[in-house]
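[1] Here you go, sequence then predicted model.
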Amino acid sequence: MQVYRWTLTMALSIVHRGTGIALYVGTLLLVWWLVAAASGPAAYGHVQAFAGSIIGRLIVFGYTWALMHHMLSGIRHFVWDLGYGFKANEREALTWGALIGGIALTVLIWIIAYAIGGGR
Amino acid sequence: MSFDESHGSPQRPSMRTPLGRVRNLGAAHSGTSDFWRQRITGVAMTLLMIPVLVIIMMLLGRNQVGAAQILSSIPVAVILLLFIIASAWHMKIGMQVVIEDYVHNEKLKLTAIMLNNFFSVAVALASTYAILKLSSGV
């Protein structure tokens, strides 16, 4: 592998897999949340206490970023599947777009969430 | 005549066309159907992302009674069910690709693929059951 010059597109290919695996494991939180909502106030209270804690917020923030990044990075792969965006500058633009867009969307979602009172 | 399974021999050449032989196969021996479903579910989730985010925003800061009320409304339940089914399918295929790429021991690979199927189905079923239970109001 040493013969390859490490490029952004290569690094982001690994990040796409990494975020996919994180989202896979993170579905356990989604299941916990829905099952708790269906179970009753006590179970739902546990989810809310966890999601509201510092570690819980960090995990949900990380999950938001993983989801947004994986989505945009996936759209990038979809563009490639359709046969577009293979020129060097287009590849770079799509990759930077996924990277910056993922962070921007994550911050935007959390600003909206806090603005409507989710930070309570 | 069982020429269907045979790859042919000099004495008795295969009746199958080259296209017929490769159809539905490929590196994973399952052809391109998983590739295609991975794209369908990915596009579905992308289209559903804004409604799903809106639903999650609506639920923020509410207690169980308020959350249950929102989750049991028909459009919310249907959007979440679609998202969950697409997610579980997408992640099952994605994880299988990762396993096939990195796990080279055959027994370990088959075990991992089996566990991946169990996990993905369990996630889908548990979430679906929870939403249906909320919707039925039991």
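    Looks like it arrived, so ask away.

[2] When you work out contacts or count neighbours from here on, use the C-alpha atoms and nothing else.
    Noted.

[3] And the residue nearest the centre of chain B?
    To find the centre residue of chain B, average its C-alpha atoms and take the closest one (C-alpha atoms, centre = their mean): that gives B:Trp89, at 1.3 Å.

[4] what ranges of the chain fall below the confidence cut-off?
    Here I'm looking at chain A. Within chain A, the segments meeting pLDDT under 70 span A:1-2, A:118-120.

[5] Actually, chain B is the one I wanted.
    In the predicted model, chain B carries pLDDT under 70 at residues B:1-11, B:23-31, B:138.

[6] how about the helices in the chain?
    Picking chain A for this. Per DSSP state H, chain A carries helices over the ranges A:8-39, A:41-52, A:54-81, A:88-115.

[7] actually chain B
    Along chain B, the segments classed as helices by DSSP H run B:18-22, B:33-59, B:64-71, B:74-102, B:106-136.

[8] Can you list the buried residues in the fourth one?
    Put plainly, it is helix B:74-102. Applying a neighbour-count criterion of 16 or more other C-alpha atoms under 10 Å in any protein chain shown, the buried positions in helix B:74-102 are B:76-77, B:80-81, B:83-97, B:99-100.

[9] same check, this time on the third one
    Of the residues in helix B:64-71, those with enough neighbours to count as buried (16+ other C-alpha under 10 Å) are B:Gln64, B:Ala67, B:Ala68, B:Ile70, B:Leu71.

[10] Switch those residues over to CSV; also include distance to A:Ala51.
    Formatted as CSV, the entries for the buried residues of helix B:64-71 read as follows, by distance: C-alpha to C-alpha, whole Å:
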residue, distance to A:Ala51
B:Gln64, 14
B:Ala67, 15
B:Ala68, 17
B:Ile70, 19
B:Leu71, 18
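
[11] Which one of these is nearest to chain A?
    Proximity to chain A was ranked across these by C-alpha to the nearest C-alpha; first place goes to B:Gln64, at 5.1 Å.

[12] Wait, that closest one touches A:Ser39, no?
    No: using C-alpha atoms under 8 Å, B:Gln64 is not in contact with A:Ser39, being 9.1 Å away.
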